[in-house]
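Colleague: requesting a structural model of the entry that follows:
(4 chains)
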There are 2 protein chains.
Amino acid sequence: MHTVAARAGVSIASASRVLNGVGGSPETIRKVREAAAEVGYVPNAIARSLQSQRTGLVALAVEDIGNPVYVEMMRAIEAVVASSGRQLLVHATGGRIDNETALLRRLANRYVDGMIVSPIRVTDDHLTALTDSPVPVVVVGQLGADAPIDNVRTDSRHGVALAVDHLVATGRRRIGFVNGPLDTVPGAARDAGFRAALDRHGIPLDDELIEVGDFQYAAGRAATERLLARADPDALVCANDLIAVGALHALLVAGRRVPQDVALVGMDDTELARMMFPQLSSVSLGSAERGRRAAELLLQRIADAALPPRREQVPPNLVVRASSAATLPTPRPAAGSAGPPTTHPSSEGVTA
Amino acid sequence: MHTVAARAGVSIASASRVLNGVGGSPETIRKVREAAAEVGYVPNAIARSLQSQRTGLVALAVEDIGNPVYVEMMRAIEAVVASSGRQLLVHATGGRIDNETALLRRLANRYVDGMIVSPIRVTDDHLTALTDSPVPVVVVGQLGADAPIDNVRTDSRHGVALAVDHLVATGRRRIGFVNGPLDTVPGAARDAGFRAALDRHGIPLDDELIEVGDFQYAAGRAATERLLARADPDALVCANDLIAVGALHALLVAGRRVPQDVALVGMDDTELARMMFPQLSSVSLGSAERGRRAAELLLQRIADAALPPRREQVPPNLVVRASSAATLPTPRPAAGSAGPPTTHPSSEGVTA
DNA sequence: TTGTATGCGTTATCAT
DNA sequence: ATGATAACGCATACAA
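Modeller: Numbering: from 1, shown residues only, chains lettered A, B, ... in the order given. Presented below is the predicted three-dimensional model:
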C-alpha cells in the first residue's frame, strides 16, 4: 500500500480510500488503480482485521468430519453463514480433547468472528475455554445445565425410545443395542434411553444384547460380530448410522437377512442410511436443523453480544425404511416375485 | 495487555515479555501473571500475527467434504500439518467456482500460512488467483502444464485403464462406464482413459454403455438406472466410489447380482468401498499419499519461498474385492454353502 | 531486567 | 478531495 501510494504520487490515505471504493477524484482513482495493478498489490487481511475487528470467517469444530452427520450439519451452517457474507472453515478435532481446546484458544482469539462447536466429550477445561472465548461460541449438543452458552440440542434419549417403540410395535423382542463410548455425552444419553425404553415395555434387559465401540463403521461391525457370537437378536438399534452400516455388513456376512431375521435401525438419518441396500431405518436427530439454528444464533450474537444465553431444542424423528419394515419387503430373488413391482425394497422412507 | 501492564505496575513491554515467557524478573513475572489472570487476559492473535507474519493456520479447500476421498486426504494432510505445530482448516467450495476464488482471495491474504487446493475445474481466473497468492499454495490434481505452482497429481487415465484391464482379463466384454461431468478435469481424464483402454483391447466403443452425472451417490444411481434401461452391461466402471455405491444400489434394485451378473469397479478406494456388501473393487488414486506429499511440499515452501515449483506424481493402484472377483464369491444363501467358511465374501481386497 | 519507541499494514479521524 | 496522523494490539531493537 505504501508502494502503491508512492507510485501513484498520492498519500497512503488516498490510496486506501480508492482501494476501498470510498471517495477519490477520477484522476486519483485512475492513478491508484494503475499503480496497484502494476505492483500486483493484494491487501493484507490480517492488518485490515486488526483495524476492523472482524475477519469475515466463522469456524465449525467437530469430532470427525468423516461422519456424514457432520457433513449435513456443516452444509446447513454453511448456507446460513454464506448468507451473511462470511466464509465457513471446518476443523476436525479427531476426538483429541486437547486439540479441541487448543483450537478454541487459537481460533477464538479473533481469527474468526465466531465459532460453532459440537463436542462429544465435555470437561471443565472445555467449559471454561468456551465461556472465556473472546468471540461468540455456540455449542451443538448437550451441555452442563447452567452453562451460560448459546446451545442447540436434541433429545437422543427420546430418539432411542422412538426406535425401540417401533421395533416392539412390529413384534421384535430380542432387541440388541450397539452403542458408542459411554464416556461421551451422546453415548451415555443413548444408553440411558435404551434401558429406559426396554423397561417401559416391560422387556427385561439382557446385557448380552448390548455392545459398545466407537462411533465408527469398523467399530460397529466388530461390535456386532461380538454380539452375534453370543446372542441371537431379532433387532438391532445402533447409536449412529456409521455403526448401523457396520452392523449391516456383519449381519449379512453372518448370513442374517435384514429385515426378515434382524431388523436394523440406525441414528442420525444421514445420506448413508439411504445409500445402503436395504435402505436403513434411522432416527433423525435433526442435524441439519440444529446446524441451521446454531448458525442463526451465532450470527445474532455476533451482531449483539449482549443477548442473554439461549437454548434451543430440536426433536428427534424416526424414519422407517426397508431395514426395519414390518412387512417383509425383500423377497429372495430366487423365490421369484412378490408384491407389486411399483414398490421396490429401497423405496423412500416413511416418517413416523 | 495495556490493562494488564497498568494493573501490574510495569511497562507494556515487560508485560508482553512475561506473557511470552521471555525474560522478566521473578517479581515482575508474578505481578504480570496475577494481573493477567485477574482481568482474564487473552491475547489477540490477529495483532500477534500482524507482527509475526504468521498465523499457525493452514487451509485445505476441496469440492465436497461429503466425498470420503477428501476426508482421507484431509486426514493425511492434518497429520503432517499438526507435526509442524499448525492447525488445519477445511473449506468445502461446493463446486462453486466463484466461491473458490473468493476463498483464495480472502484466506490467502495472510489469514493462513499456506493453502492446499484441490480444484476439479480450473479456469484462467483460478490460475491467476493461485499464482498471485501472497501465501504458498499447493495444488492437488491436474494443472496446466506450465503453471509455476507446486503440484501433486495422479494419473487417473491410467487408473481407468487398470480397471478395464482387470475386467477384460476376467472375461467381461460389455463394459459400461459411469462418469462425472466432462467439463471437469478428472471427468475428462477418465473419459479419455476409458476410451483408450477399450480401444487398446480392441473392444468397440458403445455409447449406450456410457453415462454421465455428478460425482455423487444420487447421480451415480440415476445414471446407472438410465444405463440399465437401454443396455445390458456385464461390468461397470465408475468414476469414483460415490458413483459406484449408487450404481450398486441401482443394480441390486434392478435384480442384477454383483459380481455374477455385473462386475463393479469404483475409483478412489475410499472407506466406502469396504463398507458395501459386497465390498467394492476400486482403483486407488493414492489420495492419502497425495495429501501427505502436498502437505510436505507446502511446509517446505513456507520455510523457503525461493524453492522452484515442484511436481510430484502418485501412481494409481487397483484393489480387487468381491464386487469384481473373477470367481463367483457370493453363493446365493438359498443355494446352501460353497467354499471354505474361512473365506467370506467380504474378505480383504487384493492389490493388483 | 526494564522502559521507550518503532513497526507490522490498514482504516478512520481530523484538519486543510 | 486530500494528506498527516493516530489508532488497532502486540513484539522487539535499543538504550538505559
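Colleague: dump the residue contacts of A:Leu236.
Modeller: A:175-178, A:224, A:227, A:244, A:247, A:251, A:262-265 (Cβ atoms under 8 Å, 6 or more residues apart in numbering or on different chains). For the C-beta atoms, the positions are set from N, CA and C on the backbone; glycine is no exception.
Colleague: cool, A:Asn44 as well?
Modeller: Contacts of A:Asn44 (Cβ under 8 Å, 6+ apart): B:50, B:109-110, B:134.
Colleague: which residues of the stretch 51-200 of chain A lie near DNA strand D?
Modeller: Counting by Cβ under 7 Å from any atom of the strand, the stretch 51-200 of chain A comes close to DNA strand D at A:51, A:53.
Colleague: nearest to DNA strand C: which residue in the stretch 51-200 of chain A?
Modeller: A:Gln51 (3.8 Å; Cβ to the nearest atom of the strand).
Colleague: count of neighbours near that residue?
Modeller: Residues lying near A:Gln51 (other Cβ atoms under 10 Å in any protein chain shown) number 9.
Colleague: list buried members of the contacts of A:Asn44 by neighbour count.
Modeller: B:50, B:109-110 (16 or more other Cβ atoms under 10 Å in any protein chain shown).
Colleague: roughly how far is the helix or strand harbouring A:Ile116 from the heart of the chain?
Modeller: Using DSSP states H and E, A:Ile116 maps to strand A:114-118. Relative to its chain's centre, strand A:114-118 lies at 11 Å (Cα atoms, centre = their mean, to the nearest Å).
Colleague: does that strand reach chain B?
Modeller: No. Strand A:114-118 stays clear of chain B (Cβ under 8 Å from any Cβ of the partner chain), getting no nearer than 11.6 Å.
Colleague: kindly export that strand (C-alpha atoms) in CSV.
Modeller: Extracted in CSV, the C-alpha atoms of strand A:114-118 (Å, rounded to 0.1, in the frame of the first residue of the first chain):
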residue,chain,number,x,y,z
GLY,A,114,-17.4,-16.7,15.9
MET,A,115,-17.4,-20.5,16.4
ILE,A,116,-19.8,-23.4,16.4
VAL,A,117,-18.5,-26.4,18.4
SER,A,118,-20.0,-29.8,18.7
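Colleague: elements contacting it?
Modeller: Counting contacts by 3 or more Cβ pairs under 8 Å, 6 or more residues apart in numbering or on different chains; DSSP states H and E, strand A:114-118 packs against strand A:57-62, helix A:68-83, helix A:97-107, strand A:137-140, helix A:287-303.
Colleague: recalculate using a threshold of 7 Å.
Modeller: Contacts defined by 3 or more Cβ pairs under 7 Å, 6 or more residues apart in numbering or on different chains; DSSP states H and E place strand A:114-118 against strand A:57-62, strand A:137-140, helix A:287-303.
Colleague: need those in a markdown table (columns: mean neighbour count and distance to A:Glu208).
Modeller: Listed next are those as a markdown table, based on neighbours: other Cβ atoms under 10 Å in any protein chain shown; distance: least, Cβ to Cβ, whole Å:
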| stretch | mean neighbour count | distance to A:Glu208 |
| --- | --- | --- |
| strand A:57-62 | 26 | 33 |
| strand A:137-140 | 26 | 34 |
| helix A:287-303 | 21 | 31 |
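Colleague: nearest to B:Phe277 among the ones you listed would be which one?
Modeller: Nearest to B:Phe277 among those is helix A:287-303 (25.3 Å), distances taken as Cβ to Cβ.
Colleague: any idea how far the residue nearest to the spatial centre of chain A is from A:Arg301?
Modeller: The centroid of chain A falls nearest to A:Tyr70 when counting by Cα atoms, centre = their mean (2.9 Å). Distance of A:Tyr70 to A:Arg301, computed by Cβ to Cβ, to the nearest Å: 22 Å.
Colleague: same thing with A:Gln279?
Modeller: 39 Å.
Colleague: on that earlier part again, beyond the strand holding A:Ile116, next helix or strand please.
Modeller: Defined by DSSP H and E, the subsequent element after strand A:114-118 is helix A:124-131.
Colleague: now do the strands in the stretch 151-300 of chain A.
Modeller: Secondary structure of the stretch 151-300 of chain A (DSSP state E, counting those that start in this stretch): strands at A:175-179, A:210-212, A:235-238, A:263-267, A:281-284.
Colleague: relative to DNA strand C, which of the ones you listed is closest?
Modeller: Among these, strand A:281-284 sits nearest to DNA strand C (Cβ to the nearest atom of the strand), with 44.3 Å.
Colleague: average pLDDT across that closest one?
Modeller: The predicted model assigns strand A:281-284 a mean pLDDT of 98.
Colleague: ok, residues contacting it?
Modeller: The contact list for strand A:281-284 (Cβ atoms under 7 Å, 6 or more residues apart in numbering or on different chains) reads A:159, A:162-163, A:241, A:264-269, A:273, A:316-321, A:323-324.
Colleague: can you list the strands that it pairs with?
Modeller: Sheet pairing of strand A:281-284 (DSSP bridges) gives strand A:263-267 (parallel), strand A:317-320 (antiparallel).
Colleague: which outside residues touch stretch A:67-80?
Modeller: Taking Cβ under 7 Å, 6+ apart as the rule, stretch A:67-80 contacts A:60, A:62, A:64-65, A:88, A:90, A:116, A:140, A:215, A:240-242, A:268, A:270-272, A:287-288, A:290-292, A:294-296, A:299, B:65-66, B:92.
Colleague: swap in 6 Å and give it another go.
Modeller: For stretch A:67-80, contacts defined as Cβ atoms under 6 Å, 6 or more residues apart in numbering or on different chains pick out A:60, A:62, A:88, A:90, A:242, A:268, A:270-272, A:287-288, A:291-292, A:295-296, B:65-66.
Colleague: helices along the stretch 151-300 of chain A, start to end?
Modeller: Assigned by DSSP state H, counting those that start in this stretch, the stretch 151-300 of chain A shows helices spanning A:156-169, A:185-200, A:217-230, A:241-253, A:271-275, A:287-303.
Colleague: ok so, going back, now the angle from the strand holding A:Ile116 to helix A:287-303?
Modeller: Per axes from the mean of the first three to the mean of the last three Cα atoms, to 10 degrees, the angle that strand A:114-118 makes with helix A:287-303 is 150 degrees.
Colleague: strand A:114-118 vs strand A:57-62, what angle?
Modeller: With the same axes, to 10 degrees applied, the angle from strand A:114-118 to strand A:57-62 works out at 10 degrees.
Colleague: quick check: angle from strand A:114-118 to helix A:124-131?
Modeller: With the same axes, to 10 degrees applied, the angle from strand A:114-118 to helix A:124-131 works out at 150 degrees.
Colleague: what residues does chain A put near chain B?
Modeller: A:42-47, A:49-50, A:65-66, A:71, A:89-91, A:109-111, A:134, A:217, A:245, A:249, A:252-253, A:275, A:277, A:332-334, A:344, A:346 (Cβ under 6 Å from any Cβ of the partner chain).
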